[in-house]
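Asker: sequence below, structure please.
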Amino acid sequence: MVAISFLLLGSISSAFLFLTYRTGMYEGTEMPEQAIVIKNGMIFDGINDTAYQGLIVVEGELISCVGPDCPTPDNARVIDAEGGTVLPAYIDMCTQFYAPSGDEAKLGTLKKLFSFVQQRPEVRKNFHRSGISAIRSTGDALDNILALRLQIAEADLSGPKIYASGLMFTAPGGYPAAAHYAGNEFLIENGTRQIDRAEEATRIAQALLADKRPPNGLKAVYEDFDGAYPKLSEEGLAALGKVASEKATWLAVHTESNAHLREALAAGATIIEYGSHEAMDSLTIASLASSNALFLPMLGRAKGNPDRLSILQENVSKVYQAGGQLGVGSDAQDQLSFGNSLHEEMSLLVEAGVPALEVIKAATQVASRYLKADDIMGGLQVGKLANVLVIKGKPYEQIQDSYKLQWMLQEGKWIIENQELIDP
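Answerer: Predicted coordinates:
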């Protein structure tokens, strides 16, 4: 009897733990059985510079018709946009999914730990509450972020589609291994690769991208932070650029000075993060504009430092005027929350002199192009994934409207219905 009692207690305890684990997981939703039609909206498709009246028809995970003459399928669910804007869902081009953030700032240690075990459901919800259907994540432990990428892709969990580099390439003893990863052997081992030779960079990068579960691109830190840390060699960075080019993928490089920015471009960087924390000179601006690399200034990270923010916004204005390609990435960490930080970044870009229309395009169509994913997302076009927002207002004219989310579809599945997040 005693043995039976222990077995029964163990079974009950296991069931309780499983139910507790599954509670609040923010699991994936089912694909609607009926077609969806969105009417009475101004369509800003992310491709054209003007909005137009029309319908959006979604069948399964794809957009099947866009325009004023779309037929309404039998038994379709019809959504009235009520004069709002219908546009592609946003893409945050710089996140570190597992980094501390304001989403969980008030949680105790045990609750934070449980949140990580559950793959941070509140973080995933906040991305969706902000209309974000995809993120580029860098600097996370490789196996962890790739496992989450798969869970979301297979609809086990709900969250934005993940494009991940995972680990970051840096110099031996470089940033972040010797900085905020210091003392954390797990993150140092799984979130970085510390290299000092071009041959080593080539070998490791080729192996990563040839793996059966490869990252979506490569990330390097090419900065010494005013001599505080060793910097990756030019030869090592150039080797990464060559591998990325051969594999037709992206190489993102973190720089914070004019000289290092130009060297990163010469090495083959296709995405520049931060760029320069000093005023950009004419040579740097011209190099960035002519390179066709995506520039992610991450203005929100400097909001607490007005002098630095002013310099960065002036850099943004000069790069935009020179014809450079700007992107939108929040890099939300510390007390910032994922999701709403992207809207803050968009507002700061407009303050810097970038038109709202260009900022919305940067957060949709432009982002998808630099992720090598513009064949499936980033615009409202027939055959693309139905990542669709209905916004109250005109964010392409007033960027403050960007967060006024009424409805959201991700790959044809309902995420937000009439301002309410669907949480199975």
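
Asker: now the nearest residue to Ser257 once chain neighbours are set aside: how far from Pro355?
Answerer: If the residues on either side of it in the chain are set aside, Ser257 comes closest to Ser276, at 5.6 Å by Cβ to Cβ, 6 or more residues apart in numbering. (C-beta placed from N, C-alpha, C; glycine too.) Here Ser276 is placed at a distance of 23 Å from Pro355 (Cβ to Cβ, to the nearest Å).

Asker: have a look at these two and say which one is more surrounded.
Answerer: Ser276 (24 against 15; other Cβ atoms under 10 Å).

Asker: thought the more buried one was touching Arg262?
Answerer: No - the pair Ser276 / Arg262 is not scored as a contact, 9.5 Å apart, by Cβ atoms under 8 Å.

Asker: pull up the overlap in contacts between these two.
Answerer: Overlap of the contact sets of Ser276 and Arg262 (by Cβ atoms under 8 Å, 6 or more residues apart in numbering) consists of Thr284.

Asker: distance from the chain centre to whatever helix or strand Ser64 lives in, please.
Answerer: Here Ser64 is covered by strand 62-67, with elements defined by DSSP states H and E. Centre-to-centre, strand 62-67 and its host chain are 25 Å apart (Cα atoms, centre = their mean, to the nearest Å).

Asker: buried sites along that strand?
Answerer: Residues Leu62, Ile63, Ser64, Cys65, Val66 are the ones in strand 62-67 that count as buried (16 or more other Cβ atoms under 10 Å).

Asker: what distance do you get for the second one to Asp224?
Answerer: Spelled out, that is Ile63. Distance of Ile63 to Asp224, computed by Cβ to Cβ: 46 Å.

Asker: what do you get for the last one?
Answerer: Here the distance between Val66 and Asp224 works out to 49 Å (Cβ to Cβ).

Asker: would you mind measuring from the nearest residue to Gln119 once chain neighbours are set aside to Phe186?
Answerer: Nearest residue to Gln119, sequence neighbours excluded (Cβ to Cβ, 6+ apart): Leu148, at 5.5 Å. The spacing between Leu148 and Phe186, counted by Cβ to Cβ, is 16 Å.

Asker: Ile152 too?
Answerer: In terms of Cβ to Cβ, Ile152 sits 22 Å off from Phe186.

Asker: more neighbours: which of the two?
Answerer: A count of neighbours by other Cβ under 10 Å puts Ile152 above the other of Ile152 and Phe186, at 19 against 10.

Asker: how far away is that one from Tyr98?
Answerer: Counting by Cβ to Cβ, the separation of Ile152 from Tyr98 is 14 Å.

Asker: so what's the gap between stretch 408-424 and the chain middle?
Answerer: Taking the mean of its C-alpha atoms, stretch 408-424 sits 19 Å from the chain's own mean (Cα atoms, centre = their mean).

Asker: so which bits of it are buried?
Answerer: So stretch 408-424, judged by 16+ other Cβ under 10 Å, has buried residues Met408, Leu409, Gln410, Glu411, Gly412, Lys413, Trp414, Ile415, Ile416, Leu421.

Asker: doesn't Glu30 make contact with the fifth one?
Answerer: So the one you mean is Gly412. No - assessed by Cβ under 8 Å, Gly412 is found out of contact with Glu30, at 10.5 Å.

Asker: bridged to Ile91, which residues?
Answerer: Ala134 (DSSP bridges).

Asker: mind listing what it touches?
Answerer: 132-136, 328, 363-364, 367-368, 371, 377-378.

Asker: could you redo the last one with a cut-off of 7 Å?
Answerer: The contact partners of Ile91, taken as Cβ atoms under 7 Å, 6 or more residues apart in numbering, are Ile132, Ala134, Ala363, Thr364, Ala367, Ser368.

Asker: could you find the closest non-adjacent residue to the fifth one?
Answerer: In other words, Ala367. Ile91 (3.8 Å).

Asker: any idea whether Ser347 is helix, strand or coil?
Answerer: Put simply, Ser347 is helix when judged by DSSP: H, G, I helix; E, B strand; the rest coil.

Asker: who's in contact with the spatially most central residue of the chain?
Answerer: By Cα atoms, centre = their mean, the chain has its centre lying nearest to Ile135, at 2.1 Å. Contacts for Ile135 were tallied using Cβ under 7 Å, 6+ apart; they are Asp92, Thr95, Phe127, Pro160, Ile162.

Asker: the second one contacts Ala134, correct?
Answerer: No - assessed by Cβ atoms under 7 Å, Thr95 is found out of contact with Ala134, at 10.3 Å.

Asker: ok, Gly84 to Gly393 distance?
Answerer: Note on Gly84: its distance to Gly393, by Cβ to Cβ, is 7 Å.

Asker: make that Ala76, sorry
Answerer: The value you get for Ala76 to Gly393, if Cβ to Cβ is used, is 26 Å.

Asker: give me the mean pLDDT for stretch 178-191.
Answerer: What stretch 178-191 shows for mean pLDDT is 89.

Asker: span of it from start to end?
Answerer: Distance between the two ends of stretch 178-191: 12 Å, counting by Cα to Cα, to the nearest Å.

Asker: residues of that stretch that come out buried?
Answerer: If you call a residue buried by 16+ other Cβ under 10 Å, then stretch 178-191 has these buried ones: Ala178, Tyr181, Leu187, Ile188, Asn190, Gly191.
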